[in-house]
Structure formats: structure tokens, C-alpha cells
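Asks: coords below, sequence missing:
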């Protein structure tokens, strides 16, 4: 195992074990906390973590409850706020480890939803946030389910059919399909908590959001419409906010052939704010 890499477990909300990966930089000027998306896990961000470690950041990335190597029922969450509180446990650990460094958070897809809600819940803990294909509105995919009683069928499985839409890179798609830690299904309860109840609540409270933020989205994203990022940009109260839509890129902009452009844009934005 590399000298600058460590794995450990912390206690999240309701005592759930949360698995965390940590990459340390020899010349860190900031800490970056990566918040992954639905059905995936923090291990899919090795390349991203290596990039930021080389560019002067300590990087922390955890597996959400019910995902990857963390505890909890697979693909299930009792309350979407559990994700936000788990993420805060990681932030607190990073603060304890590096009390003098500014903290930034990067959230992808469902992780973008968690990141935005984190910003509402803990408005003074971070220096800024970055969003990648963030699921921050009631998506067209779920519009017809607004009044659906998801608690009545909480444990019903929903197949993970995202693979072919995540990236234009065939190797990324292949690796995703073959990854034993990527969930093959998730529950109706998770869908309802995050993409129905959570999304509606976030939309009603978006004006309360004030963090400096960089909002990024793939123009060819068929999983989370780019309109989600545009809505976020238009409805938050942040004085310092930027948005970029990358033409033609699919959902996982950090796993597209143009990923170095995206990573360099994030690095540049953060370093302007350190």
C-alpha cells in the first residue's frame, strides 16, 4: 500500500460503519472531500484522488451507507439526512486531521444532492463546493412518481441500468459493469428519500444556499439533465458561483476522455479561493 494512502472506518449516523479512503499530499494546501453517486463507491475515484494529491490536496472519500465497503443494508437509506450526517462525520475527521487547512467538497450525481444539502445544513464548515452532474432537482425521470407511496414498497428492488450512459469511454463502462462493489440494484426507499422527498425539499430551500460553488455538467448527460445544474445556478443565493456545461460529455465528466480539462478547471477554481 502506498505510503500516502490509508483506509479506515468511522461511525456514521445511527452507529453505521462508514468506510473511508484517504490520500495524503506532501505539499497540501487544502483538503478535498469527494462524495460519490448512486450505486457506486469511493474506490472509483482513484484517478481523481491521485490527480488532486499531486496538485497539493489531501483527499478523503467515503462509501455511503449501503454502498461499497460501508455498513448498512445494500442500496437502502432510512432517511436521506443520514447521508448528509455521515458526510459530516468525514468532514469532522478531516478537520481533526488537518485543522489549519481549508476544506472543499466535490459531489457527483446523488453525491451532488448530498453536497448541496450539506451546504444548507452546515453553511460554515467548508471553503467551497464543486458539483458534478448533480441531481439537485426533481428529475423528469421521477416526475410521474411525485405522489407515489414509496414507503409501502420500501425494499422493492430497482435495477441499476445506468452503465451505458455514464461515459463515452468503453473501458469505463466495462469496468463499472464488472466492479463487484457497484450495486446491481437499489431500493424503492432510497429512490423515494433522495429523488422524490429529498429533491423536492432541496428545491424549496435552494435560496438558503450561500457557499462559493463551481457547478459542472456534461451537455450530453442522459442520466441527470443539465437543466438540474442550470436550475441550481439560478436559484441559489451564492455571491461567488460559476457554471460550465461541457458540450457532448456524458454523466461522469470525471471519467470522460476530456477528464483532464475538467480536473484542471476544478483545481484552478479551488486554488483561486485558497
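Replies: Everything's here; your move. Everything numeric here is computed off the predicted structure, so don't read it as measured data.
Asks: Quick check: phi and psi at residue 71.
Replies: Residue 71 adopts backbone torsions of phi -80, psi -180, taken as degrees, to the nearest 10.
Asks: Spatially nearest residue to it, not counting backbone neighbours?
Replies: residue 17 (3.7 Å; C-beta to C-beta, 6 or more residues apart in numbering). For the C-beta atoms, the positions are set from N, CA and C on the backbone; glycine is no exception.
Asks: how close does that neighbour sit to residue 175?
Replies: Per C-beta to C-beta, to the nearest Å, residue 17 is found 26 Å from residue 175.
Asks: swap in residue 161?
Replies: 17 Å.
Asks: could you list every residue that touches the residue most central in space within the chain?
Replies: Computing the C-alpha centroid of the chain and ranking residues by C-alpha atoms, centre = their mean puts residue 111 first, at 2.2 Å. Residue 111 makes contact with 34-37, 132, 134, according to C-beta atoms under 8 Å, 6 or more residues apart in numbering.
Asks: what's the distance between the residue of the chain positioned farthest from its centre and residue 173?
Replies: No residue in the chain sits farther from the centre than residue 152, which is 27.7 Å out by C-alpha atoms, centre = their mean. As judged by C-beta to C-beta, residue 152 and residue 173 stand 34 Å apart.
Asks: swap in residue 229?
Replies: For residue 229, the distance to residue 173 - C-beta to C-beta - is 23 Å.
Asks: Now tell me what touches stretch 197-209 from outside.
Replies: 80, 113, 116-117, 119-120, 135-139, 142, 146, 231-232, 235-238.
Asks: Let's see which of the residues you listed end up in helices.
Replies: Of the contacts of stretch 197-209, the ones assigned to helices by DSSP state H are 113, 116-117, 119-120, 231-232, 235.
Asks: Can I get those in TSV including neighbour count and pLDDT?
Replies: Shown next, in TSV, are the ones in helices among the contacts of stretch 197-209 (neighbours: other C-beta atoms under 10 Å; pLDDT from 0 to 100):
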residue	neighbour count	pLDDT
113	29	98
116	28	98
117	24	98
119	26	98
120	18	98
231	18	98
232	25	98
235	15	98
